[in-house]
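# Provide a 3D model corresponding to the input given below.
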Amino acid sequence: MMSLALCTDVLSGLSFTEMLDKVKSYGIGAVEMTAGGWGAQKHCATGELLASADGRKRFLAELEKRDMRISALNTSCNPLWPSETGKRYARSMYECAELAGKLGVKKLVAMAGLPAGNETDTTPNWIVSTISWPDFMAPAYEYQWGVAIAWWKDFARHCKNCGVEQIAIEEFPGTMVWSAETLLKLRGAVGPAIGINLDPSHMMVLGADPIAAARALKGCIYHVHGKDARMERGLSGINGILEPRPVTDAAERAWNYVAVGCGKDLQWWKEFFSVLSMLGYRGDVSLEMEDLTMSVEAGLQTSIDALNACISK
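Okay, here's the model as predicted:
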């Protein structure tokens, strides 16, 4: 059945071994670590591990002695940004796939990225309101999908060559894949190596129903993030759900990421995991704690208690 894992960036202040001991103290036996993209890579130094077979053996030995495993390597970023930073992100993703192969990890978590609006632009452009007007939007949207599909076809081939079997794309606002439909579009163009990292919080803040979306995504749910969000009373009704304020400005935002159970109640979460189980999902639920309204320790313990009460074990 499902197992609880932890995205370890929230414990970036700890060393690799300290982090493993902390995770184990919560009764969790699997970790999702950033190994590419824009994450800290604090617990998985990709360049060093690629360069040293002995280093990889020592790295895996620390997991084995604690009876722990790697749930996935995370390489989320924007490799489609036409800039030197975007090129650096893309290289890091390719290196992450190589490291996954050498570590025996079969799954990557990533984001689809976001191109600019045409071949001469350098600013990524998230087109979600309409492509009917202004009249230059439809060609820009078509161009973006062409760029995204071509890049992901190449990357999927690289992953296959490395031994990575699943690429779990997190549906994230501000990227080409931000919904069930856009995930299915990329998967249809690239192939079954592409599936979803179903993060319900991102669907919640856009007004979608993660349970309904899960049904539409049957057969291509490769990973699940345990993460909640809350629409703040009175605020979302004033300006709607699009929220450009920084996440640190929690008191003024229309919505916030919160510990599991502090947005949707546990009855909702029980239904969510029940439906996932009914659809055949037997993978990890990786807790991603990004609640800035409470301490890290409180957010982790609150979320762990809620997930343990709800996931289908």
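# For the helix-or-strand element of the chain with minimal mean pLDDT, buried residues please.
Scoring the helices and strands of the chain by mean pLDDT, DSSP states H and E places helix 236-239 at the bottom, with a mean of 91. Of the residues in helix 236-239, residue 236 count as buried by neighbour count, 16 or more other CB atoms under 10 Å. All C-beta spots, glycine's among them, are computed from the backbone N, C-alpha and C.
# where exactly do the strands run in the stretch 51-200 of the chain?
69-74, 107-110, 166-170, 194-198 (DSSP state E, counting those that start in this stretch).
# buried stuff in the one helix or strand residue 275 maps to?
Using DSSP states H and E, residue 275 sits within helix 266-278. Residues of helix 266-278 classed as buried by neighbour count (16+ other CB under 10 Å): 268, 269, 272, 273, 275, 276.
# distance of the third one from residue 311?
So the one you mean is residue 272. Remark: distance between residue 272 and residue 311 (CB to CB, to the nearest Å) = 9 Å.
# can you check the fourth one too?
Applying CB to CB, the value for residue 273 to residue 311 is 5 Å.
# Between the two, which contacts overlap?
Contact with both residue 273 and residue 311 is made by residues 2, 285, according to CB atoms under 8 Å, 6 or more residues apart in numbering.
# Tell me where this protein has helices.
16-25, 46-51, 53-65, 84-103, 137-162, 180-190, 200-204, 210-216, 236-239, 266-278, 296-310 (DSSP state H).
# would CSV of those with distance to residue 33 be doable?
Formatted as CSV, the helices of the chain follow (distance: least, CB to CB, whole Å):
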stretch, distance to residue 33
helix 16-25, 9
helix 46-51, 10
helix 53-65, 10
helix 84-103, 10
helix 137-162, 17
helix 180-190, 23
helix 200-204, 20
helix 210-216, 25
helix 236-239, 34
helix 266-278, 23
helix 296-310, 16
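# Just tell me which of those helices ends up closest to residue 119.
Closest approach to residue 119 among those is made by helix 137-162 (7.4 Å; CB to CB).
# If we go by neighbour counts, what in the closest one is buried?
Per 16+ other CB under 10 Å, helix 137-162 contains these buried residues: 137, 140-141, 143-145, 147-149, 151-153, 155-156, 159, 162.
# could you point out where the stretch 101-250 of the chain is predicted with low confidence?
Within the stretch 101-250 of the chain, no range satisfies pLDDT under 70.
# quick one: contacts for residue 131?
Contacts of residue 131 (CB under 8 Å, 6+ apart): 137, 138, 141.
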